[in-house]
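# Let's see this in three dimensions:
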Amino acid sequence: MKKNDLYFLLFVMALFLPFITIDSLFRWYTEFNLNHGLIMSFFKFAILATMGEALGLRIKTGVYNAPGFGLIPRAIVWGFLGITIKIAFIIFTNGSISLLGYIGFTSAPEIFAGNLSWGKLLIAFTISTTMNLTYAPIMMSLHKITDTHILNHGGTIPGLFKPISVGQILTGINWDVMWNFVFKKTIPFFWIPAHTITFLLPEQFQVLFAAILGIALGVILAVAAVMGRNK
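Numbers count the residues shown, from 1 in each chain. Coordinates of the predicted model:
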């Protein structure tokens, strides 16, 4: 293990252990998350999903940060993406339950609010599927655009707020990798099952678990980048 790996591990432990070992801190988190879900979503994704990107960089280059990578701009972008993810959770949870009721599964609200059962698993799977087949590709594409924009401007904070050349960036994306790997493989085989588990969790832990999955997203994006270079 290299020294930077040890520092990364210590950071992860320092981030999570206090919430696990200190009851008052855990209670504060639960209450604040309940009352200020969008704010907490910003910080969860800003921290955890950015950690995933740093881990992805470690896989590609052997370091967790590099000149021009732009950890702070990436954290800002992930924070705002986290807000949209929380909003998507609300919309697709209620919308999917309404859809199931519309096609005859009228007891869906009561089953989803109850204990773990096959019915609840079906509802969670429906929420995850509808969200990942509609919202997820847009979010992933938007992340790719902002990621490229950050790199194009040297990873600086002022560069983040410069106009984004969306059309130019879109034409430069390796859509073969985006479609055949990111969309076609990770969505059905990873994200739909993973978010099915997410929606089985109590609501106050759903976004936190999704943010932790953001670490996995960083690794996936790193693999996609390597694949894109090899094409």
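# make it CA atoms for all contacts and neighbour counts henceforth
Fine.
# tell me the pLDDT at Ser141?
Note for Ser141: predicted pLDDT of 94.
# quick one, what contacts it?
Contacts for Ser141 were tallied using CA atoms under 8 Å, 6 or more residues apart in numbering; there are none.
# mind checking how far the strand or helix carrying it is from the chain centre?
Assigned by DSSP states H and E, Ser141 falls within helix 118-152. Mean-position distance between helix 118-152 and its chain equals 8 Å (CA atoms, centre = their mean, to the nearest Å).
# Please pull out the lowest mean pLDDT helix or strand from this protein.
helix 203-230 (a mean of 75; mean pLDDT, DSSP states H and E).
# Next, the residue lying farthest from the centre of the chain: secondary structure please.
Distance from the centre of the chain peaks at Gly104, with 32.1 Å (CA atoms, centre = their mean). Classification of Gly104 by DSSP: H, G, I helix; E, B strand; the rest coil places it in coil.
# got the phi/psi numbers for it?
Dihedral pair for Gly104: phi 110, psi -10, per degrees, to the nearest 10.
# try Gly62
phi 90, psi 0.
# That one - how many residues pack around it?
Counted with other CA atoms under 10 Å, the neighbours of Gly62 add up to 14.
# One more: the one 10 residues further on?
Neighbours of Ile72 under the rule other CA under 10 Å: 16.
# likewise the one 10 residues further on?
Gly82 has 26 neighbouring residues, counting by other CA under 10 Å.
# Distance check, it against Ala211.
Computed with CA to CA, to the nearest Å, the distance linking Gly82 and Ala211 is 8 Å.
# Between those two, which contacts overlap?
With CA under 8 Å, 6+ apart as the test, Gly82 and Ala211 both reach 44-45.
# Distance from stretch 108-122 to the middle of the chain?
Distance of stretch 108-122 from its chain centroid, counting by CA atoms, centre = their mean, is 24 Å.
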